[in-house]
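# Predicted model and sequence follow; I will ask about them next.
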Amino acid sequence: MASLEECVDDPLEDGVEGGGGPPRPVDQDSGGAAGGPKAGGNRFINFLRACWAELQRVQWPDRRQVTQGTAVVLGFVVVAGAYLGAADAVAQVIIDAIL
């Protein structure tokens with residue numbers, strides 16, 4: 001009978017949707033991915049190993065992507081600030097008229 005992990009399709013492992021390339025090799029001793037946690041041992045050490053293995057799979061953005069993302073965020077902040085400033089000015093006029 002196949003285990004649950006063998007039956008589940010993981011698009012990141014299959015390389016579908018730009019998911020990071022070819023499937024990872026399987027470590028036969030631990031049943032997990034190579035570089036993943038080992039059977040037995042200290043749970044904290046296993047956690048750190050799993051974190052390191054996951055960080056190695058991350059697709060870090062390049063300088064152009066970081067610059068573009070920063071520009072989008074700053075542009076949104078300027079637009080939102082202008083909108084809130086205008087709404088505050090209109091609300092101030094209305095409140096002054098009432099009082």
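Happy to help now that I have it. Keep in mind that this is a model prediction, so the values were computed, not measured.
# Got the domain ranges for the protein?
As recorded under automatic domain parsing, the domains making up the chain are 8-60, 61-99.
# Now do the last one, average pLDDT.
Mean pLDDT, taken over the full extent of domain 61-99, equals 97.
# Mind listing what's buried along it?
For domain 61-99, the buried set under the neighbour-count rule, 16 or more other CB atoms under 10 Å, is empty. C-beta: built from backbone N, CA, C; applies to glycine.
# same question, stretch 50-64
Judged by neighbour count (16+ other CB under 10 Å), stretch 50-64 contains these buried residues: 50, 53.
# what about residue 61, which helix or strand?
Using DSSP states H and E, residue 61 maps to neither a helix nor a strand.
# again, but for the one 3 residues further on
Per DSSP H and E, residue 64 falls inside helix 63-98.
# Residues contacting stretch 67-80, please?
Residues from elsewhere that reach stretch 67-80, judged by CB atoms under 8 Å, 6 or more residues apart in numbering: residue 61.
# again, only this time at 6 Å
Residues from elsewhere that reach stretch 67-80, judged by CB atoms under 6 Å, 6 or more residues apart in numbering: none at all.
# Tabulate the CA atom coordinates of that stretch in PDB.
As requested, C-alpha coordinates have been extracted for stretch 67-80 and formatted as PDB (Å, rounded to 0.1, in the frame of the first residue of the first chain):
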ATOM      1  CA  THR A  67      13.400  47.400  -6.900                       C
ATOM      2  CA  GLN A  68      10.100  46.900  -8.700                       C
ATOM      3  CA  GLY A  69       8.400  45.600  -5.600                       C
ATOM      4  CA  THR A  70       9.700  48.500  -3.500                       C
ATOM      5  CA  ALA A  71       8.500  51.000  -6.200                       C
ATOM      6  CA  VAL A  72       5.000  49.500  -6.200                       C
ATOM      7  CA  VAL A  73       4.700  49.600  -2.400                       C
ATOM      8  CA  LEU A  74       6.000  53.200  -2.300                       C
ATOM      9  CA  GLY A  75       3.600  54.200  -5.100                       C
ATOM     10  CA  PHE A  76       0.700  52.700  -3.300                       C
ATOM     11  CA  VAL A  77       1.700  54.500  -0.100                       C
ATOM     12  CA  VAL A  78       1.800  57.800  -1.900                       C
ATOM     13  CA  VAL A  79      -1.700  57.200  -3.500                       C
ATOM     14  CA  ALA A  80      -3.200  56.000  -0.200                       C
END
